[in-house]
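Participant: here is my input, please return the structure:
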Amino acid sequence: MNLLQQAFSHSVPNAIQRFPQSLKLVHWGQSLLYSRNRTIKRWVKQATSTCEGVLLDVGCGDGHYLFQLKKAKAKRVIAMDRNADWLNFLSDFQSKSTIVDGLKVEFRTENLDDDFLAGEKGLDLIFCFSVLPYVKDPGHVFERLSALANPGCTLLVYSPVAFDTILPLYRWMFARFQHYESVQSRKELLSASALTQLALNHGFVLKSAVLTYGFWGKLGHECWSMSTMLLGASSFLLRLVGVLSVPITLPMNLVCGFVDRCSETVQGNGWMASFERI
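Facilitator: Residues are numbered from 1 along each chain as shown. Okay, here's the model as predicted:
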């Protein structure tokens, strides 16, 4: 598998295993290329500035948002994921370096389709970013999080909520090429209103929400995603085309992302929300 194929499958890339500190560079690149990461990081910074209790990162993956907690005031941080490879890597990273000042992150291998974190309770802040489309029953996830949360607990959710596309070529490639969604077996995209209702049904109230990836955000993301699909292809010729396309699609993605952030998003493919446990 090449680097992109490893990323699609949530394997720890060989280069990062050899040079663990390079993971921070990867996180910087993710924030540069994907506007959802920048949106999430702003909300994480605000929420963690006041949380002094127990924090849970649901589906922490490569630890992107854990590294935003370096100066957090939380007294305990739990990070869970179904991918033991990344959890083992992050645990080893933590044994040699610092992720959160003054405490050790507790890594747990858990599946969101099961009764995860059995025996735990008393959570004060929960991150649930980009995981709900990959579970069998999002309602079960909200039910478990509600059972784990203290009254007043803040739940931050980010999820894709639509697949409105612009470019016909992107739709054609999405149906035929390997990419993150196909490898991770995305189940179903629920609308923002449907996800909100699931949260309300399980004891949460909506505090605030925003849409992401309006027209310009979608256009830039589709152009860049076509390059990543080509870079992750098994054919050398297709990978070469992907390399040649990057000088075009990379700046296009950045410019479109900037325009998107400066524009009002009325209909977007992504949704960021903050809930409170009552």
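
Participant: quick one: the strands in the stretch 151-278 of the chain?
Facilitator: In the stretch 151-278 of the chain, the strands defined using DSSP state E, counting those that start in this stretch lie at 204-212, 270-277.

Participant: most tightly packed of those?
Facilitator: For those, average neighbour numbers computed from mean count of other CB atoms under 10 Å are highest in strand 270-277, which has a mean of 22. Heads up, the C-betas are built off the backbone N, CA and C, glycines and all.

Participant: just give me how far that one sits from the chain centre.
Facilitator: Strand 270-277 sits 14 Å away from the centroid of its parent chain (CA atoms, centre = their mean, to the nearest Å).

Participant: contacts for it, please.
Facilitator: With contact meaning CB atoms under 8 Å, 6 or more residues apart in numbering, strand 270-277 is reached by 36, 39-40, 43, 47, 146, 149-161, 192, 195-196, 199, 203-213.

Participant: export the strands of the stretch 151-278 of the chain to CSV and tack on distance to residue 69?
Facilitator: Output for these, formatted as CSV (distance: least, CB to CB, whole Å):
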stretch, distance to residue 69
strand 204-212, 21
strand 270-277, 17
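
Participant: residue 131 touches residue 112, doesn't it?
Facilitator: Yes. The pair formed by residue 131 and residue 112 meets the contact definition of CB atoms under 8 Å, at 6.5 Å.

Participant: overlap in contacts, the two.
Facilitator: By CB under 8 Å, 6+ apart, the residues touching both residue 131 and residue 112 are 58, 59, 141.

Participant: check contacts around residue 49.
Facilitator: When contacts are counted by CB under 8 Å, 6+ apart, residue 49 touches residue 73.

Participant: how close does it get to residue 169?
Facilitator: Note on residue 49: its distance to residue 169, by CB to CB, to the nearest Å, is 43 Å.

Participant: one more: residue 118?
Facilitator: 47 Å.

Participant: before we move on, what about residue 213?
Facilitator: Remark: distance between residue 213 and residue 169 (CB to CB) = 18 Å.

Participant: show me where the stretch 101-250 of the chain has its helices.
Facilitator: Taking DSSP state H, counting those that start in this stretch as the test, the helices found in the stretch 101-250 of the chain are 138-148, 168-176, 180-183, 192-201, 215-231, 236-261.

Participant: tell me if I'm right that residue 56 and residue 78 touch.
Facilitator: Yes. Between residue 56 and residue 78 a contact is recorded at 4.8 Å, counting by CB under 8 Å.

Participant: quick one: common contacting residues for the two?
Facilitator: residue 117.

Participant: the more surrounded of the two?
Facilitator: Neighbour comparison, residue 56 and residue 78: the larger count goes to residue 56, with 27 against 21 (by other CB atoms under 10 Å).

Participant: so what sits opposite that one in the bridge?
Facilitator: Using DSSP bridges, the bridge partners assigned to residue 56 are residue 78, residue 126.

Participant: hmm, who's touching the helix or strand containing residue 26?
Facilitator: Here residue 26 sits within helix 22-33, counting by DSSP states H and E. With contacts defined as CB under 8 Å, 6+ apart, helix 22-33 is touched by 15-16, 37-38, 41, 62-64, 67, 93, 224, 250, 253-254.

Participant: now do that helix: distance to the chain's middle.
Facilitator: 13 Å.

Participant: please consider this matter closed, and thank you.
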